[in-house]
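Asks: can you look at this prediction? I've put the sequence above it.
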Amino acid sequence: MSITSVSSDSTLSSISRYLSSNTSMTNEDIEALEEKLEEAYAQKAKEAASSGSSSADSTATLYTNMTSASEDTKKLIKELASSIENGGSDSIQEKISEFVTSYNSMISYLKKAGTAECSAMINAFAGYFRARQDDLSAVGITINSSTGKLTVDADKLSLADTETLSSLFGSSSSMMSSVEKLTESSVTVASMKASAHKALSTLYGDSGQINEYTLTQSFLDMMS
């Protein structure tokens with residue numbers, strides 16, 4: 001059954017009127033349903049008080065930001081490779097710095113998420129860079145062993161030759177190819193989780209209380 005015509009104001013009385021007019025349910029059945037709905041609302045309101053919409057919205061925002069940072073990182077990997085192919089040391093150094101900033105932001109969001117999947121991604125990213133840490137260090141880029149983030153020594157980077165930078169960050173770099181693929185996975189995981197938590201947050205109103213209209217529709221759907 002559908003309650004698309006039921007007002008969200010005075011929810012229970014609206015449902016009662018709708019059921020009386022549109023179903024064969026007896027008054028006794030409707031009263032029993034009202035009791036069940038009241039219990040469901042009370043339980044959901046209690047849950048909202050302890051975790052509520054702020055938690056769902058906060059988590060959704062976290063994964064949305066992770067998606068954005070991962071997409072930016074993926075974009076900069078391609079732009080960096082393009083800069084190397086087109087030459088211009090200043091442009092290459094600028095893109096490397098931009099990439100590192102975006103990459104570090106992505107890592108921060110992965111760490112905030114704190115899931116086993118995100119932790120595994122952080123370790124994998126760090127592993128790719130550690131495999132070339134001597135070469136990276138030679139051009140002024142180091143990896144923090146505890147956070148997995150990168151640091152750029154601008155002065156040291158400015159002395160690096162294009163050929164060396166190309167081997168590290170160019171389109172033929174196996175390191176960056178692996179990083180790009182894992183970044184794509186980060187985009188996929190983050191966007192899926194963001195969508196899931198956004199869907200969860202729609203159960204709650206602006207006040208942090210359960211959205212009675214949404215809950216009621218779900219409840220009646222289960223009973224149909």
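Replies: Now that the structure is in, tell me what you want to look at. Just so it is clear, the structure is predicted and the values come from calculations on it, not from any experiment. Numbers count the residues shown, from 1 in each chain.
Asks: give me the mean pLDDT for stretch 145-162.
Replies: Across stretch 145-162, the average pLDDT comes to 94.
Asks: pull out the buried positions in that stretch.
Replies: Judged by neighbour count (16 or more other CB atoms under 10 Å), stretch 145-162 contains these buried residues: 148-150, 152, 157, 160. (C-beta placed from N, C-alpha, C; glycine too.)
Asks: quick one: the strands in the protein, in order.
Replies: 141-143, 150-152 (DSSP state E).
Asks: and the first one, which residues are buried?
Replies: What it means is strand 141-143. Of the residues in strand 141-143, those buried (16+ other CB under 10 Å) are 141, 143.
Asks: cool, stretch 162-181 as well?
Replies: Within stretch 162-181, the residues that count as buried by 16+ other CB under 10 Å are 165-166, 168-170, 173, 175-176, 178-180.
Asks: state the distance from the nearest residue to residue 117 once chain neighbours are set aside to residue 90.
Replies: Nearest residue to residue 117, sequence neighbours excluded (CB to CB, 6 or more residues apart in numbering): residue 189, at 6.3 Å. In this view, residue 189 and residue 90 are 35 Å apart by CB to CB, to the nearest Å.
Asks: out of the two, which sits in the busier spot?
Replies: residue 189 (20 against 9; other CB atoms under 10 Å).
Asks: nearest to residue 102 among the buried residues of stretch 162-181?
Replies: Comparing the buried residues of stretch 162-181 against residue 102 with CB to CB picks out residue 179 as the nearest, at 11.7 Å.
Asks: who's in contact with that closest one?
Replies: By CB atoms under 8 Å, 6 or more residues apart in numbering, residue 179 lies in contact with 77, 125, 128-129.
Asks: out of those residues, which are buried?
Replies: With burial judged by 16+ other CB under 10 Å, the buried subset of those is 77, 125, 128-129.
Asks: neighbours of the nearest residue to residue 162 once chain neighbours are set aside, just the number please.
Replies: In this structure, residue 162 finds its nearest non-sequential neighbour in residue 89, 6.2 Å apart by CB to CB, 6+ apart. Neighbourhood size, residue 89 [other CB under 10 Å]: 16.
Asks: same check on residue 87?
Replies: Residues within reach of residue 87, counting by other CB under 10 Å, total 10.
Asks: check the gap between it and residue 143 for me.
Replies: Distance from residue 87 to residue 143, by CB to CB: 27 Å.
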